[in-house]
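A.B. asks: fold the following and give me the result.
(chains A and B)
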Amino acid sequence: DAGVIQSPRHEVTEMGQEVTLRCKPISGHNSLFWYRQTMMRGLELLIYFNNNVPIDDSGMPEDRFSAKMPNASFSTLKIQPSEPRDSAVYFCASSLWAGDISPLHFGNGTRLTVT
Amino acid sequence: AQTVTQSQPEMSVQEAETVTLSCTYDTSESDYYLFWYKQPPSRQMILVIRQEAYKQQNATENRFSVNFQKAAKSFSLKISDSQLGDAAMYFCAYRSTGPGSNYKLTFGKGTLLTVNP
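C.D. replies: Residues are numbered from 1 along each chain as shown, chains lettered A, B, ... in the order given. Sure, this is the predicted structure:
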């Protein structure tokens, strides 16, 4: 079990550029979550998927953010165009199922810096 | 919406001593799950312990235990025999389970624990 794999680990980009963050969940997990962590706001849920279907995207801050899960083993979070206030650590997490006590397994996060 | 409050932004403890981290939450639900996660400087989020609200018995994982007070909506974490490797940011988290809930995991703002040798 390789755990949740996120790439890249660090991303530095200029304002206005498109940014794509990638996530491979643990095999067999049915739920996938994208979180954003900042000093000011802590850990915020952006969106989560069950069986590749987006269930709750109410945390996505703006239309500039979009997330997809084309299959059970891959998800992307895209920001277009990026802004300096998007600078944060973005975590992907997966769990067996969203509705029980199975814990979230987190990736190592992507630290995004937008200049 | 559920909220999770960790009133101690920072705590410190001497190695081998015991420390308790506080967490309270606000909910109208009767069934839910509670978690403590640890985030060391490596940034990795690691599950420490979990508790089902319907269970009265407090969860225990080796040196880590919780004091779950459902009526008071309190879920504190006790770390016994603290070790240098316990130094990290600790997050309390709440997950809804009821009908119509979105199973969202809501985190507190965290408590930074320092372990002094």
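
A.B. asks: the closest residue to A:Pro81 other than its chain neighbours in helix, strand or coil?
C.D. replies: Sequence neighbours aside, A:Gly16 is the residue nearest to A:Pro81 in space, at 4.5 Å (criterion: C-beta to C-beta, 6 or more residues apart in numbering or on different chains). Just so you know, the C-beta spots here come from the backbone N, C-alpha and C atoms, and that holds for glycine as well. Classification of A:Gly16 into helix, strand or coil gives coil, according to DSSP: H, G, I helix; E, B strand; the rest coil.

A.B. asks: who in chain B is up against chain A?
C.D. replies: If contact is defined as C-beta under 8 Å from any C-beta of the partner chain, the residues of chain B in contact with chain A are B:33, B:35, B:42-47, B:50, B:52, B:91, B:95, B:97, B:101-110.

A.B. asks: now, those residues that are in helices?
C.D. replies: Of the residues of chain B next to chain A, none are assigned to helices by DSSP state H.

A.B. asks: next, the contact list for the residue nearest to B:Ile79 when sequence neighbours are not counted, please.
C.D. replies: With C-beta to C-beta, 6+ apart as the measure, B:Val19 is the residue that lies nearest to B:Ile79, at 5.2 Å, once sequence neighbours are left out. By C-beta atoms under 8 Å, 6 or more residues apart in numbering or on different chains, B:Val19 lies in contact with B:11, B:13, B:78-79, B:82, B:113.

A.B. asks: what about A:His10, how many residues nearby?
C.D. replies: 10 (other C-beta atoms under 10 Å in any protein chain shown).

A.B. asks: give the bridge partners for it, please.
C.D. replies: In this entry, A:His10 is beta-bridged to A:Arg111, by DSSP bridges.

A.B. asks: likewise for A:Leu77?
C.D. replies: Here A:Leu77 sits in beta bridges with A:Leu21, A:Ala67, as judged by DSSP bridges.

A.B. asks: hmm, it is touching A:Glu18, no?
C.D. replies: No - between A:Leu77 and A:Glu18 there is no contact, the gap being 11.6 Å when judged by C-beta atoms under 8 Å.
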